[in-house]
Each structure stands twice: as C-alpha cells, then as structure tokens.
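Visitor: return atomic coordinates for the entry below.
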Amino acid sequence: MTPMSSPDALPGALILLIEDDTQIRRFLRTTLTNSGYRLLEATSGQEGMRLVSTQHPDLIILDLGLPDVDGLDVTEQLRQWTSTPIIVLSARDKEGDKVQALDRGADDYLTKPFGTEELLARLRVSLRHRQQTLYVETPVFSFANVRIDLEHRQVYVAEAEVHLTPIEYKLLTILVRYAGKVVTQKQLLKEIWGPTYEKETHYLRIYMGQLRHKLEADPAQPRWLITEPGVGYRLKVDE
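Guide: Numbering: from 1, shown residues only. Below is the predicted model:
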C-alpha cells in the first residue's frame, strides 16, 4: 500500500466500494467523490477481491448481500492477506450479524439506512487509524485529557497519574490498539482472560465501569469509552 503524504491527507484516499445495489453505488459515488475521495467500484465479491489485490485501496466499503459470495466470507478471505480497513454496510441489523462481521475481521459496521455524516466520520476514523500504522508508532496515546504512556505503563488524567489495575490497564490498551473501531466482547474476553471466558460478559461490564470512573468526566454518560450494545466496546477518537 502506498502511504499518504501526511497525517492529515485523508481526502484523496482510494476507496473500494463492493456493492451490487445500483442506487446505493450512485449515492455513495456522489458522496465520496464530493468529499475528495477517489473511488473504485465492484458489484461482486470476486471482482472486489481482485481489485484489492491489484489496486491496493486505502479502505474497503463492503456490502454483505453480494450476488456471488457472502460478504462475511469476503471479509474472512481478505483478512488472510491484507489489513486494509473494511467498513461493512448492510441491511442485516441483528446484533449477531454485527458481531460475526467484526469477529471475522471487519473494522466497523453500519446498518442501512445510514447517515452520510456518520459514514464520512467512520471513514475518517478508519483511515486515520490505518495511516498511523504507516508511520513510526509513538509510545504515547492521548484522547481528551487522558494520556497513556505505553512504554512506562502509566496513565494520566489532566496530568495527574491514575492507578489502574492490571486488568483495567490491559482492557484500556486493547481499546487503544483498535482506537476508533468496535472491539467485540468475545475478542476482549479472549485476549484478557482466555478462550474459556468468552461468555463471561459481566466481567467486561464491571471493568469497563471501573475504567470509566477513573477516566471519564461523567462515568454515567461516557464520551470516550463507548458501549456498542450487544456487540462490544469502542474507544472513540476525535473526528
């Protein structure tokens, strides 16, 4: 993949749209090109995977209901050889569908119908996260008035150090690693406690609540440590 010229060069990125619905393709073509993005289009899963391998897009927008290959299978196949961000657009709105798409490697999931501004915001977040991996990684991650020194395993809120338990810190660093993306409950439980704990979702509720009390200004209405109901959690980043 060709890196972008600077950390702010989000417009101009090459987006691959894999979608067989003519009206949605027309709508997204107008929306994305008017926002400064370059666009490739595919109407089937096989065509989309071929374009990924030959054109190296910066981000993929993928419909699940394709005529030849299920979008979930496309996601899984792509993840075997590329880390290009994948945003799923789908009429499937059940929590299980979202969880399955994210578990198979999608970076984000939007249900049709969706708002234009939300889509563009999700695009910016995914591209920015991808872009950061193309440059030298910094050992310090910040959001709001929170600063995480990953090298020294220290966390600060408004420059005052905050003590986190080992599990709280591990939960936070996983969310930092996928900042802006939804991390499923299953993935979090597996990474923190191991595969035998994948159904113990109450563990996450407890530790996420503790994190919010330590890092959020209003833990009852969190602004940064966001719950995606029935799916997982997201560390929101500035858009």
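
Visitor: how near is the residue nearest the centre of the chain to residue 221?
Guide: For the chain, the residue sitting closest to the mean C-alpha position, by C-alpha atoms, centre = their mean, is residue 181 at 2.4 Å. As judged by C-beta to C-beta, to the nearest Å, residue 181 and residue 221 stand 22 Å apart. Placement of C-beta: from N, CA and C, glycine included.

Visitor: what of residue 98?
Guide: In this view, residue 98 and residue 221 are 23 Å apart by C-beta to C-beta.

Visitor: between those two, who's got more neighbours?
Guide: Using other C-beta atoms under 10 Å, the more surrounded residue of residue 98 and residue 221 is residue 98, with 25 against 8.

Visitor: any idea how far the worst-scoring helix or strand of the chain on mean pLDDT is from the middle of the chain?
Guide: When the helices and strands of the chain are scored by mean pLDDT, DSSP states H and E, helix 116-132 comes last with a mean of 83. How far helix 116-132 lies from its chain's middle: 9 Å, per C-alpha atoms, centre = their mean, to the nearest Å.

Visitor: same check on stretch 76-83?
Guide: For stretch 76-83, the distance to the chain centre is 15 Å (C-alpha atoms, centre = their mean).

Visitor: how about stretch 12-27?
Guide: Between the centre of stretch 12-27 and the centre of its host chain there is 19 Å, according to C-alpha atoms, centre = their mean.

Visitor: any figure for the gap between residue 114 and residue 90?
Guide: Residue 114 is 10 Å from residue 90, by C-beta to C-beta.
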